[in-house]
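>>> My questions concern the predicted model and sequence given below.
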Amino acid sequence: MLVLASSPRTPNRVTAIIHSFHHPGRLPVALLNTFQSMSFLLASTTHFWHYWGLTWLVT
């Protein structure tokens, strides 16, 4: 876990979650940020597939 946290390629949110285990007060914030980014990603993906499906139906 320490290697993962110190890796420059690790996303900031992952590092924040790892650090939050050392600071329990930050854990809800880190989880909330991760949940928001995941739901944003899910919404974007759903929108993309919906748009792609409509384009496919039209053509």
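All right, it came through fine.

>>> Poorly predicted segments of the chain, please.
For the chain, applying pLDDT under 70 flags the ranges 1-11, 16-27, 57-59.

>>> element containing residue 13?
Assessed by DSSP states H and E, residue 13 sits inside helix 12-20.

>>> What is the host helix or strand of residue 49 packed up against?
If you go by DSSP H and E, residue 49 is part of helix 27-58. Where contact means 3 or more CB pairs under 8 Å, 6 or more residues apart in numbering; DSSP states H and E, helix 27-58 is packed against helix 12-20. C-beta: built from backbone N, CA, C; applies to glycine.

>>> Buried residues, the helix holding residue 49. List them.
residue 30 (16 or more other CB atoms under 10 Å).

>>> Pull up the gap between residue 31 and residue 14, please.
Distance check for residue 31 against residue 14: by CB to CB, to the nearest Å, it reads 12 Å.

>>> Let me fix that, I meant to ask about residue 29.
Distance from residue 29 to residue 14, by CB to CB: 14 Å.
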